[in-house]
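Enquirer: How does the following fold in three dimensions:
(chains A, B, C and D, ligands or ions: 6)
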Amino acid sequence: MSINQIDQSAKFGSVTFPFPIFTASGCAANGKELSQFFKLSEIGAVVTKSVMSNPRSGRATPRMAETASGMLNAIGLQGPGIDSFLEHDLPWLHAEGARTIVSIAGESVEEFAALARKVRQAPGVSAIEVNISCPNVENRGLVFACDPVSARNVIEAVKRSVGNTLPIIAKLSPDVTDISIIAREVHDAGADAVAMINTLLGMVIDTKKMRPLLANKTGGLSGPAIRPVAVRAIYQVHAALPKLPILGMGGVMSGEDAFELILAGASGVSVGTASFNDPNAAPRIQRELLEIVEQRGFNALSEAVGYAHRV
Amino acid sequence: MSINQIDQSAKFGSVTFPFPIFTASGCAANGKELSQFFKLSEIGAVVTKSVMSNPRSGRATPRMAETASGMLNAIGLQGPGIDSFLEHDLPWLHAEGARTIVSIAGESVEEFAALARKVRQAPGVSAIEVNISCPNVENRGLVFACDPVSARNVIEAVKRSVGNTLPIIAKLSPDVTDISIIAREVHDAGADAVAMINTLLGMVIDTKKMRPLLANKTGGLSGPAIRPVAVRAIYQVHAALPKLPILGMGGVMSGEDAFELILAGASGVSVGTASFNDPNAAPRIQRELLEIVEQRGFNALSEAVGYAHRV
Amino acid sequence: MTTPVQTQCEVISNKRVGAYHHITLSADKISERAKPGNFIGISVGDEKSSMLLRRSFAIYQASGRGPFGGTIEIIVSANGAGTRWLVNRAPHDKIDVVGPLGNSFGIPVEPVRALLIGGGYGSAALFSLGDALRQRNCRVEMIVGAATAEKVFAPVEGKRSVHSLSIFTEDGSMGTQGRVTDPIASLLDNTDIIYSCGPMGMLQAISKLAATKEIPCQSAVEESMACGIGICMTCVLPVIGDDGQTRMVRSCTEGPIFEGSRVRWDDIGTVPSGTYGGPK
Amino acid sequence: MTTPVQTQCEVISNKRVGAYHHITLSADKISERAKPGNFIGISVGDEKSSMLLRRSFAIYQASGRGPFGGTIEIIVSANGAGTRWLVNRAPHDKIDVVGPLGNSFGIPVEPVRALLIGGGYGSAALFSLGDALRQRNCRVEMIVGAATAEKVFAPVEGKRSVHSLSIFTEDGSMGTQGRVTDPIASLLDNTDIIYSCGPMGMLQAISKLAATKEIPCQSAVEESMACGIGICMTCVLPVIGDDGQTRMVRSCTEGPIFEGSRVRWDDIGTVPSGTYGGPK
Ligand SMILES: Cc1cc2nc3c(=O)[nH]c(=O)nc-3n(C[C@H](O)[C@H](O)[C@H](O)COP(=O)(O)OP(=O)(O)OC[C@H]3O[C@@H](n4cnc5c(N)ncnc54)[C@H](O)[C@@H]3O)c2cc1C
Ligand SMILES: Cc1cc2nc3c(=O)[nH]c(=O)nc-3n(C[C@H](O)[C@H](O)[C@H](O)COP(=O)(O)OP(=O)(O)OC[C@H]3O[C@@H](n4cnc5c(N)ncnc54)[C@H](O)[C@@H]3O)c2cc1C
Ligand SMILES: Cc1cc2nc3c(=O)[nH]c(=O)nc-3n(C[C@H](O)[C@H](O)[C@H](O)COP(=O)(O)O)c2cc1C
Ligand SMILES: Cc1cc2nc3c(=O)[nH]c(=O)nc-3n(C[C@H](O)[C@H](O)[C@H](O)COP(=O)(O)O)c2cc1C
Ligand code: FES
Ligand code: FES
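Expert: Ligands and ions are numbered 1, 2, ... in the order given. The predicted model follows:
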């Protein structure tokens, strides 16, 4: 059987993506730069950099530190703001034939709701990813994704904004005692799927300067170092909520890594940090993944989703 | 100034250890094997494998998987039980001149209390480490260290058992939403210090067999991959409770890594996974650390503790 | 068990032998101490490697002071990234080695009839054992096998270590077509002791055959090891002690060589019920 | 900006030059596109390396079809593990390269008087610029400096690219004792444009001097980069736009070359107040 005969599609709520590999938010900007390396329409979807209501400068530098098999980042959601995004970036992606998942980030429940309303009205959006790993300014800066009530409030508000027009994917943080509790809350609140995992909170101290290396002190840890945490989190959530589609991510560098996340329960896989090392990572990983899925004798990628739970 | 003139001691509660590097529980068995490579009395202390009331077979194999810059383990606290430990292992360590921190683990508050009573009566113990990263059989298997109330109950019970005879070091899990909350609870409950971090819960799926690689499915992630999480957790707890001594650990492979944890707020540092790669890791790291501390112009290691907070 | 040492070894030579690499290392302190059946732990990868754990290799030969001082030789099958790194080492490269590790084959005081059975690179550990047995005037018969000819490890020099050597391959590309276990039943009556080293399935089959005639059978097992020196407890398997009690026993310190009849082969990968300290 | 490509390059040669390594790579597609000031991103370490991120290097020379096809040359200072790995590559080794990256030096249409200032390996990027300027009939004066003689990069061949070359070292071990910035003030009156590449402190000092006479000053900055291709937003610095607005701008795509008077040198490492999208 040739690769092309396998059904490669990945379903998230009401939308079916023809291919299973996506970019990860914040690791592909808004597509233009990567389109120099491959056709964006070749992969499942471009997940755009989380966008906020207003333009954001982001944080001071240094914003990154390489760590063992990983990296820390503290970008601070630098971006053009939703209006500029919808005016310039989204139409460009649409014209390129890319399927687009718009990632939104807010500092308050109301900001999320307002962003979702704007995204809903824009043409060329396949789904909306809600990055709730942001500090909630109305609740002592506590991250929404780390508190079941805040997480639920955001997703409910977004759901009210978009209704059933677009699938809602809630992006979860692994920095919680029990991620399946958060997953259940956002699911109950109307999320059609969850994306996981966001980065782990980490810190590097510059031992020469004897102070935190990042200007922001802490940053998010990504890359292969965290893959075992991603696999565990996906496995747990899939076990708790087998019907809830998961967009898996965390340290995926190869097709085999992507397959690992799929076996754990991911319906599709986002490629983040890997693209920094290899701008062609997303299409390469997609090719490698399909070869593996074929070798294992599956007729459709969806048959492999959560397969590791069968034993 | 020569290395020997620096005050290298590390204070945990009422006990001062002459050297700052310790082994990590479960990564040095009970000392005998490592004593083939170096004199145990050369390092700060041997932290023994967490011991329970009864002999334990541990879990089925495979019990480990190598991951990117890390490893997963699921040993399941295999060990001889407290009576055999106190009869055979502890006296041997004492005879070797090793300072010993006895790590205890229980499945109920009462088991912890009983273990602590036995340890208290044994000669040759410098401190007691309470490994609360165990499932609480009385509370749906929830890990003590992941619940502020359970964590507090264990430490209170241990405190009642040992009074002020021995410093109590509570070993914390990073798998919580806010580790400083747990630290505060155990401190209030009578812990003289905290040890952190224990491993992160992770999973590896064998992509050939398409099932979790470990017999236990999940395992604990250790090694350099997790060091940024350890540094962050230590920094957070030191910021919240600057007076509480911290025994730092997590991915320390070199003296520079140990120094990073000290700058974050650790008073002493345990070496775990590194010893699997290099049986001489603990004394080597101690030598490297002292050289760095000297180069940076400190007169005592304790002056460097938490130094990264000063900026 | 001898006291292991950690030492920087220089690669003296690295040659392809069929599917394997035959690597010779300068290793005075280890070669002095090594006994047949011991293994070494090698740190793989460069300073920035993501591979944290040592890889284990049986000692093929340990030689006293030769032109390069004491040397040890290993036979390496490049299975994964760590072994791939190792087989790419060139002469003069330095590698970090801990050894000798583990127990060694028990050698009878009487001049017995010994049968040595090696699967794949597993035969490597048996040649120095053959030498030791011959020094004790034992009769040494060796059977070596693998899936294909290139996976058979049976060097010409090795023939000196044994009285007879027969080779089996599953595809018949070398020696007799079949498995090393095929001829055993017919040899048992003329065998006082069996030594075996190879894949778990082979060790198990041989142990069962040996048990039918109550012939002692020393089996060198290969369990996943994180440390190799006894401090991590990852390498255990269920073994029955002198007291009849099954325990989860470390194969890096109490093994890798176990009396086959003591190993609960069928239960590897479980904690059999009744195991000391097992779940109630 | 030219479209970058990702390609496997063969190491053609690797030679020590003072404190640096001069590495030549076969790289048809990159050499075709490269312009003075562009850089490349090199993936470092082997298949199991724990180093995830590419390292950036200015292109020293890009040559069209020679005996090895198109080549690019870089000058590498072994500062950390990644650059140490790179300088240990031998001819025939393959390395993964993405390039050309970033913008290039602006070249005036008029035959102006240009002053090129390079600190340490920073001078590497300036020789091909010198060639391009000379082709436009510019007068090209170059000042190169470093702490010590061995850190000065000023190859004999490089002299062809410039009309004059002066060397400064802080310890006086080569050329004039002092810093590259020492002579600048006296040269400004005879300079129409400045190009500079080197440590941030040097770029800043030169920009400030150039500003005193409103001389354009193109500065090639070196910020920590995770991706080098514009997708991660780690490499930003505060730069004033045409509209007078300060923005946090990516040095990998909108740089590495900026007009010195536009860079808010004193505020690097902060988000200056008033920055577009900055905290209120
Ligand atoms: C006592 C002992 C003696 C051995 N003797 C030899 C020998 O003489 N020649 C030889 O070629 N090989 C021998 N092996 C097997 C050898 O250790 C493995 O092939 C090697 O560890 C694989 O490493 P890798 O990085 O190439 O593979 P990977 O699969 O990438 O390794 C990943 C992890 O799994 C472990 N692992 C993988 N395969 C094995 C295995 N078969 N046994 C134990 N751990 C494994 C590795 O150590 C590592 O931790 C021996 C193993 C043991 C335990
Ligand atoms: C546009 C540009 C052009 C450059 N041109 C050259 C050149 O021609 N020759 C040369 O020798 N070096 C050049 N550098 C610097 C070179 O990229 C660093 O020396 C190299 O990344 C250090 O990697 P390492 O692993 O050796 O050091 P480590 O300190 O171990 O690196 C750790 C991390 O910090 C980053 N980093 C460390 N130092 C620097 C630095 N100075 N600049 C940016 N990132 C850094 C690394 O990329 C890596 O992500 C250039 C950098 C940039 C941004
Ligand atoms: C530089 C960088 C920026 C990121 N920005 C965002 C973001 O804006 N929104 C978001 O939801 N996740 C963001 N992430 C998290 C990634 O989308 C992803 O969840 C995480 O990096 C784990 O995947 P990886 O290991 O493949 O990178 C960012 C990650 C990195 C490394
Ligand atoms: C094989 C293994 C066994 C461990 N067993 C224990 C244990 O019994 N008790 C305990 O408190 N921690 C145990 N740990 C956790 C370590 O003590 C340490 O907290 C953790 O590994 C992080 O440090 P490292 O990265 O230096 O290994 C174990 C870790 C490993 C790798
Ligand atoms: S491998 Fe660590 S105890 Fe055997
Ligand atoms: S280095 Fe990634 S955007 Fe510039």
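Enquirer: So which bits of the host helix or strand of residue A:153 are buried?
Expert: Following DSSP states H and E, the helix or strand that holds residue A:153 is helix A:148-162. Going by neighbour count (16 or more other Cβ atoms under 10 Å in any protein chain shown), the buried part of helix A:148-162 is A:148, A:150-159, A:161-162. Bear in mind the C-beta positions are built from the backbone N, C-alpha and C, glycine included.
Enquirer: Rebuild these as CSV, extending it with pLDDT and distance to residue B:178.
Expert: CSV is the format used below for the buried residues of helix A:148-162 (pLDDT from 0 to 100; distance: Cβ to Cβ, whole Å):
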residue, pLDDT, distance to residue B:178
A:148, 96, 14
A:150, 96, 14
A:151, 97, 15
A:152, 97, 19
A:153, 97, 19
A:154, 97, 19
A:155, 98, 22
A:156, 98, 24
A:157, 98, 25
A:158, 98, 25
A:159, 98, 28
A:161, 97, 30
A:162, 96, 32
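Enquirer: give me every residue that touches the nearest residue to residue A:281 once chain neighbours are set aside.
Expert: Of all residues not flanking residue A:281 in the chain, residue A:274 sits nearest, at 4.0 Å (Cβ to Cβ, 6 or more residues apart in numbering or on different chains). Contacts for residue A:274 were tallied using Cβ atoms under 8 Å, 6 or more residues apart in numbering or on different chains; they are A:252-253, A:281-282, A:285.
Enquirer: what two of those residues have the greatest distance between them?
Expert: For the contacts of residue A:274, the maximum inter-member distance is 11.4 Å, found between A:253 and A:282 (Cβ to Cβ).
Enquirer: neighbour count winner among these two?
Expert: Looking at residue A:253 and residue A:282 with other Cβ atoms under 10 Å in any protein chain shown, you find the greater number of neighbours at residue A:282, namely 32 against 21.
Enquirer: ok, now which ones touch residue A:108?
Expert: Counted by Cβ under 8 Å, 6+ apart, residue A:108 has contacts A:136-138.
Enquirer: For chain D, state which of the residues you listed is nearest.
Expert: Relative to chain D, the closest of the contacts of residue A:108 is residue A:137; by Cβ to the nearest Cβ it sits at 11.9 Å.
Enquirer: I'd say the closest one and residue A:109 touch.
Expert: No - shown here, residue A:137 and residue A:109 do not form a contact pair, counting by Cβ atoms under 8 Å, at 10.6 Å.
Enquirer: Now whichever residue of chain C sits closest to ligand 3: phi and psi?
Expert: Across chain C, no residue is closer to ligand 3 than residue C:50, which sits at 14.2 Å (Cβ to the nearest ligand atom). Dihedral pair for residue C:50: phi -90, psi 0, per degrees, to the nearest 10.
Enquirer: Repeat that for residue A:308.
Expert: Dihedral pair for residue A:308: phi -70, psi -10, per degrees, to the nearest 10.
Enquirer: pLDDT score assigned to it?
Expert: Confidence at residue A:308, expressed as pLDDT, is 98.
Enquirer: now the helices for the stretch 201-311 of chain A?
Expert: Assigned by DSSP state H, counting those that start in this stretch, the stretch 201-311 of chain A shows helices spanning A:227-240, A:255-264, A:274-277, A:281-295, A:301-304.
Enquirer: what about those, which gets the closest to ligand 5?
Expert: Proximity to ligand 5, assessed across the helices of the stretch 201-311 of chain A by Cβ to the nearest ligand atom, is greatest for helix A:227-240 (19.5 Å).
Enquirer: Where does pLDDT dip in the stretch 1-150 of chain C?
Expert: C:1, C:68 (pLDDT under 70).
Enquirer: In terms of helices and strands, where is residue 129?
Expert: You didn't pick a chain, so chain A it is. Going by DSSP H and E, residue A:129 is in strand A:127-131.
Enquirer: ah, no, chain C please
Expert: Counting by DSSP H and E, residue C:129 is part of helix C:124-135.
Enquirer: And for residue C:269?
Expert: Assessed by DSSP H and E, residue C:269 sits outside every helix and strand.
Enquirer: Phi and psi next, for it.
Expert: For residue C:269, the backbone dihedrals (degrees, to the nearest 10) come out as phi 90, psi 0.
Enquirer: That one against residue B:59, yeah?
Expert: No - taking contacts as Cβ under 8 Å, residue C:269 lies outside contact range of residue B:59: 10.6 Å.
Enquirer: which residues are common contacts for these two?
Expert: Both residue C:269 and residue B:59 are contacted by residue B:215, under the criterion Cβ under 8 Å, 6+ apart.
Enquirer: Please say which of these two ends up with more neighbours.
Expert: Just comparing residue C:269 and residue B:59: by other Cβ under 10 Å the higher neighbour count belongs to residue B:59, 23 against 12.
Enquirer: Disregarding flanking residues, what is the spatial nearest neighbour of that one?
Expert: Nearest to residue B:59 is residue B:76, by Cβ to Cβ, 6+ apart, at 3.4 Å.
Enquirer: Then residue A:25?
Expert: Nearest non-adjacent residue to residue A:25, counting by Cβ to Cβ, 6+ apart: residue A:103, 4.0 Å away.
Enquirer: the inter-axis angle of the host helix or strand of the one you found versus strand A:127-131?
Expert: Assigned by DSSP H and E, residue A:103 belongs to strand A:100-104. Interaxial angle, strand A:100-104 versus strand A:127-131 (axes from the mean of the first three to the mean of the last three Cα atoms, to 10 degrees): 30 degrees.
Enquirer: rounded to a whole number, what's the mean pLDDT of strand A:100-104?
Expert: For strand A:100-104, mean pLDDT rounds to 98.
Enquirer: What are the buried residues along the following helix or strand past it?
Expert: With elements assigned by DSSP H and E, the helix or strand that comes after strand A:100-104 is helix A:109-121. Residues of helix A:109-121 classed as buried by neighbour count (16+ other Cβ under 10 Å): A:109, A:111-116, A:118-120.
Enquirer: ok, now stretch A:133-149?
Expert: For stretch A:133-149, by 16+ other Cβ under 10 Å, it's A:133-134, A:136, A:143-148.
Enquirer: Residue C:96 should be in a strand, yeah?
Expert: Yes - applying DSSP: H, G, I helix; E, B strand; the rest coil, one finds residue C:96 inside a strand.
Enquirer: got the contact list for it?
Expert: Counting by Cβ under 8 Å, 6+ apart, residue C:96 makes contact with B:278, C:6-9, C:42-43.
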